[in-house]
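>>> Quick check, what structure comes out for this input:
(one chain, ligands or ions: 1)
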Amino acid sequence: MDFAETDEHRLLREAVGDVAAQFGHRYYADAVRSGAKLDELWNAIGELGFLGVHLPEQYGGGGAGITELAIVCEEVATAGCPLLLILVSAAICAELIASFGTDEQRAEWLPSMAEGGKMAFAITEADAGSNTHRLHTTAVRDGDIYRLNGGKTFISGVDEAEQILVVVRTGTDEGSGRALLSLLIVDTASAGLESVLIPVEIASPEKQFTLFFDNVEVPVSRRLGDEGDGLRVVFHGLNPERITGAALCAGIGRYALSRAAVYATDRRVWDVPIGSHQGISHPLAEAKINLELARLMMLKAAWAHDHDGSSSIAAEASNMAKYAAAEAGYRCLDTAIQTHGGNGMTSEYGLADLWGLSRLLRIAPVSREMILNFVAQHTLSLPRSY
Ligand SMILES: Cc1cc2nc3c(=O)[nH]c(=O)nc-3n(C[C@H](O)[C@H](O)[C@H](O)COP(=O)(O)OP(=O)(O)OC[C@H]3O[C@@H](n4cnc5c(N)ncnc54)[C@H](O)[C@@H]3O)c2cc1C
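Below is the predicted model:
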């Protein structure tokens, strides 16, 4: 077992960090306030190939894995610019197309995604929630097209992406009554597709939308994987989503702690820096310990996924990493805010504006309760409660 980072990984971290540092949290916060997107940052890391680092070289990618994509995601967030769409577009959509797409589909979609082309991902439905088996958005085959009807909710980045990878019901298993799922690549500009902005209290440039599908026509050639095999396809995307989700949380945590360490060293209220009071230093040290534990599990999960994405160890570690990093990142941010006293709530110090996103990451892309369910059932073999 070797815990030393390879030279390649260290250089990748430094290269991504250098680019992201040119933007920094002020750029992120200003974009949020003005309603702008993070196009300059996204394009900068896209042009350097960082958003396609995990994609096959023959389609313009870097030929590496989720370990490297997690490094990209973490380092950009550590610079104060957490990019939610890396999870959605690069970690889920591009990864699924690379793994399940036909040669034609890979050739059509991956080269542009390797450079940062965006695709949204739509699975959540209002009435199904965390229960994917209850999805009701249907796709009915009509010759060489599918007709889509139904709706999705909380779909991120629909205003930025040209396509959405939509999880639909194409049948029902007669034995269990569960949905037989399929995945379709749908143009955001399709006739019959309406998107409505959902106001959320998260200071993030990425927006969420409710989608309404009214007889939307999608060519059968846009189906990813076999008809009815969508659950297996989606499951394959869960590890990358959870690992990069953990990376995003870890980056927020590192960003917050670095700000707190500087502030606690500089700020004097009595005769000594506030960081010399253990009431300040111990919570920061504890947050750091939890963060590093979560990062270890994240690296284990990424390693396991890159060696065998279908292994139970990859699934278990990905779930544990997402859980641990979401809790640790949130704790780091909260402790950093506390360290700053009143300044923690100001725009100038760039911490409180990340609270909503950090809080979200304990709910999405998978909630902490659903991860606890997974570990209870699969790791501890406890009876299923639902
Ligand atoms: C800002 C934002 C961005 C999002 N982006 C996307 C996106 O791009 N694409 C997409 O498809 N979705 C997206 N989502 C949806 C997100 O993935 C879901 O909100 C999340 O998975 C939780 O599902 P839910 O909201 O339906 O909660 P519910 O399933 O209704 O659950 C409500 C609560 O009950 C708990 N719960 C439910 N079932 C159980 C159980 N069996 N045991 C214990 N507790 C349980 C949950 O953990 C949760 O705390 C986004 C959501 C938000 C808020």
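>>> got a pLDDT number for whichever residue of the chain sits closest to the ligand?
Closest approach between the chain and the ligand, counting by CB to the nearest ligand atom: G129, at 2.7 Å. C-beta coordinates here come from the backbone N, C-alpha and C atoms, glycine included. pLDDT recorded at G129 is 92.
>>> Equivalent analysis for C81, please.
Per-residue confidence for C81 comes out at a pLDDT of 98.
>>> Look up phi and psi at the residue lying closest to L85 once chain neighbours are set aside.
Spatial nearest neighbour of L85, excluding adjacent residues (CB to CB, 6 or more residues apart in numbering): G157 at 5.0 Å. In this entry, G157 is assigned phi and psi values of phi 80, psi 20 (degrees, to the nearest 10).
>>> G157 and Y27: what is the separation?
Using CB to CB, to the nearest Å, G157 is found at 19 Å from Y27.
>>> the more surrounded of these two?
Here G157 and Y27 are compared on neighbour count by other CB atoms under 10 Å; more neighbours surround G157, at 22 against 18.
>>> contacting residues for the more buried one?
When contacts are counted by CB atoms under 8 Å, 6 or more residues apart in numbering, G157 is found next to 84-85, 88-89, 118, 120, 206-207.
>>> go again using 7 Å as the cut-off
Neighbouring residues of G157 by CB atoms under 7 Å, 6 or more residues apart in numbering: 85, 88, 118, 120, 206.
>>> Against the ligand, which of these make the cut? List them.
Near the ligand, taking CB under 6 Å from any ligand atom as the test, the members of these found are V88.
>>> which residues in this protein form helices?
7-21, 24-34, 39-47, 66-78, 84-85, 95-100, 103-114, 230-266, 278-307, 312-339, 355-360, 368-374 (DSSP state H).
>>> Only the buried residues of the longest one, if you could.
Meaning helix 230-266. Across helix 230-266, burial judged by 16 or more other CB atoms under 10 Å covers 230-231, 233-234, 236-257, 259-261, 263-264.
>>> ok, now which ones touch the residue of the chain closest to the ligand?
No residues are in contact with G129 under the rule CB under 7 Å, 6+ apart.
>>> Give me the number of neighbouring residues for P273.
The tally of other residues near P273 (other CB under 10 Å) stands at 16.
>>> Name the nearest residue to it, sequence neighbours excluded.
Nearest non-adjacent residue to P273, counting by CB to CB, 6+ apart: T265, 5.3 Å away.
>>> That neighbour and G275 touch, don't they?
Yes. Counting by CB atoms under 7 Å, G275 is a contact partner of T265 at 5.2 Å.
>>> and for those two, which residues touch both?
Between them, T265 and G275 share no contacting residue, judged by CB under 7 Å, 6+ apart.
>>> Which among the helices of the chain is found nearest to E194?
In this view, the helices of the chain are compared for proximity to E194 by CB to CB, and helix 84-85 is the closest at 21.4 Å.
>>> what distance separates that closest one from the middle of the whole chain?
Using CA atoms, centre = their mean, to the nearest Å, the distance from the centre of helix 84-85 to the centre of the chain it belongs to is 6 Å.
>>> For C93, which residues are in contact?
Residues counted as contacts of C93 (CB under 7 Å, 6+ apart) are 119, 121, 165.
>>> out of those residues, which are inside strands?
Those of those mapping onto strands are 119, 121, 165, per DSSP state E.
>>> From those residues, list the ones also adjacent to the ligand.
Taking CB under 6 Å from any ligand atom, the overlap between the ones in strands among the contacts of C93 and the neighbourhood of the ligand is F121.
>>> wait, S358 sits on L333?
Yes. The criterion here is CB under 7 Å, and S358 meets it with L333 at 4.8 Å.
>>> who has more neighbours, those two?
Shown here are S358 and L333; by other CB under 10 Å, L333 has more neighbours (27 against 23).
>>> Chain neighbours aside, what residue packs nearest to the more buried one?
With CB to CB, 6+ apart as the criterion, L333 has its nearest non-adjacent residue at 4.3 Å, and that residue is A256.
>>> contacting residues for the nearest residue to L48 once chain neighbours are set aside?
The shortest distance from L48 to any residue that is not its chain neighbour, by CB to CB, 6+ apart, is 6.6 Å, and that residue is V19. If you count contacts by CB under 7 Å, 6+ apart, V19 has them with 44-45, 48.
>>> A264 now?
273-275, 280, 284, 339.
>>> And for L96?
Under the contact definition (CB under 7 Å, 6+ apart), the residues listed for L96 are 165, 224, 233, 236-237.
>>> okay, it: pLDDT?
Here the pLDDT value assigned to L96 is 97.
>>> now swap in D173 and tell me
pLDDT, D173: 89.
>>> do the one 3 residues further on as well
Per-residue confidence for S176 comes out at a pLDDT of 86.
>>> Can you get me a residue count around the residue lying closest to it once chain neighbours are set aside?
Spatially, and ignoring its direct neighbours in sequence, S176 is nearest to H133 (8.0 Å; CB to CB, 6+ apart). Other residues near H133 number 15, with proximity taken as other CB under 10 Å.
>>> tally of neighbours for the residue nearest to L238 when sequence neighbours are not counted?
The shortest distance from L238 to any residue other than its chain neighbours is 6.9 Å, reached at S318 (CB to CB, 6+ apart). Counted with other CB under 10 Å, residues neighbouring S318 total 31.
>>> Local confidence estimate at the residue nearest the centre of the chain?
The geometric centre of the chain, computed from its C-alpha atoms, lies nearest to L87 (CA atoms, centre = their mean), at 2.8 Å. On the pLDDT scale, L87 is placed at 97.
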